[in-house]
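Quick one: sequence plus predicted model below, questions after.
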Amino acid sequence: MKTIASLAVAVVIITCAPAPRRVDVGSQPTRSYFMGFSVIPPRPDLRLAVRSLDMWSKRADAAIMHVDVPWALMLAGTSPEDALRKDGVDLEKYYRSKHLKLVVTIDVTNGLARESEAAALVATHRSISEPAIQRLYRNYVRAVVDMLHPDYLGLAAETNLIRLAAPRAVYDAVVRMTNDAATDVRRTRSASALPLYASVQVETAWGRLGRQGGGGFVGIDQDLRDFPFNNLLALSSYPYLGGFKDPRDIPLDYYTRLRGTRALPEMVVEGGWPSTSVSGVFSSSAEMQARYVARQS
C-alpha cells in the first residue's frame, strides 16, 4: 500500500521515555520524545545516502532499520548470520558509533503490497504458511537479536493491513510465527531488556484504507489480542494514502485514539509524507512535507 516516494521521512516518537539528547540547535529545548530517521535517500545514490546519514544522525536520538527477511538467501542455504553480515551489521555499527538507539522492524510480507507475500517467496512458490519457512523466520529473528542488539524489535509490520488485504492463511501464519518468535526471544531477553511489537497501520485503524473505503474508526483491539507480546504500540502512518490532502487536517488524536485507555507507550516506527507529487495518485510538495513534520510535532 506504500510507494517508494512515501518513504521520505520517518519519525520515532516514544511517550513516557527517558529524556533524549539535546538537539544541536542551541535555541531549541530538549525534546520530550525520541526522534529518529531511516536511511532512505530520495534516489538510489550511495553518496547521497552517506550525506543523509551524516545530516540526520546529528539531530536524532534513534535509528530505524526496517528490514525484509532475506528469504532468497536463506532458501539458497545462507545462514541468517551470514545474511546479516551481508546487509545489516555494518549499518548497526555505524549507528552505535553515533550513540543512537536502534529500532528494528522485521517485515514478513510484501511491504509495498500487503495483499501479497514477499516477492522472494512468491518467486519460489513458497509461503510463510509452511512450517519450514516459519522456522527460517524464527532463526532470522534470533540472529537479529544476537547480532544487531536492537533496543526495540518489531516482529511484523502493519498487521491490521495484512489482515484486511491478504489471504486469511497468510495472516494466520503471521500470528503464529511472530508469537513463536516472541517466545524464543523471551527465553533470553526480558521485556525491559528488549521491548517487542508488531506494528499497526494507523490509516487502516481509522477505516481509511483498502476495502474499508473511508469507513468509520476500526481500532486495533484484534491486533492486541492476536499479538499479546506487544510491549508498546508501534504505529505506521502515511496519512496522504488515507485521503488527507493537507497535513494540517490530521486530527490531533490521530495516534492517541488507537491507544485509548491502555498504558502502552506509543512509537511511530514507519511513516511519512512525500515531497513530490505522483500524477493521478496524490499532490504534494516540499512545503507540504514540512507541514507534515510540523503537524507531527
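Nice, I can see it. This is a predicted model, so every value here is computed, not measured.

shaky segments in the stretch 1-150 of the chain?
Counting by pLDDT under 70, the ranges of the stretch 1-150 of the chain that qualify are 1-29.

ok, which stretches of it are helices?
With DSSP state H, counting those that start in this stretch applied, the stretch 1-150 of the chain shows helices at 46-57, 71-75, 80-86, 89-97, 119-123, 131-148, listed in chain order.

The last one packs against which elements?
If you count contacts as 3 or more C-beta pairs under 8 Å, 6 or more residues apart in numbering; DSSP states H and E, helix 131-148 packs onto helix 71-75, helix 80-86, helix 89-97, strand 101-107, strand 152-156, helix 168-186. Quick note: C-beta positions are derived from backbone N, CA and C, even for glycine.

Helices along the stretch 151-297 of the chain, start to end?
Remark: helices of the stretch 151-297 of the chain, listed N- to C-terminal, are 159-165, 168-186, 202-205, 221-226, 256-259, 286-296; assignment by DSSP H, counting those that start in this stretch.

Let me see the mean pLDDT of the fifth one.
Put plainly, it is helix 256-259. When pLDDT is averaged along helix 256-259, the result is 95.

Alpha carbons only: can I get it in PDB?
Backbone C-alpha positions of helix 256-259 (Å, rounded to 0.1, in the frame of the first residue of the first chain) are rendered in PDB as follows:
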ATOM      1  CA  THR A 256      -3.700   8.500  20.800                       C
ATOM      2  CA  ARG A 257      -7.200   7.400  19.900                       C
ATOM      3  CA  LEU A 258      -5.700   4.000  19.000                       C
ATOM      4  CA  ARG A 259      -4.200   3.600  22.400                       C
END
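
list the buried ones in it?
Along helix 256-259, the positions that meet the burial threshold by neighbour count (16 or more other C-beta atoms under 10 Å) are L258, R259.

Quick one: residues in contact with that helix.
Contacts of helix 256-259 with the rest of the structure, by C-beta atoms under 8 Å, 6 or more residues apart in numbering, involve V200, V202, A205, F217, G219, I220, L233, L235, P251, E266.

Now with 10 Å, please.
15, 160, 200, 202, 205-206, 217-221, 223-224, 232-233, 235, 237, 251, 253, 264-266 (C-beta atoms under 10 Å, 6 or more residues apart in numbering).
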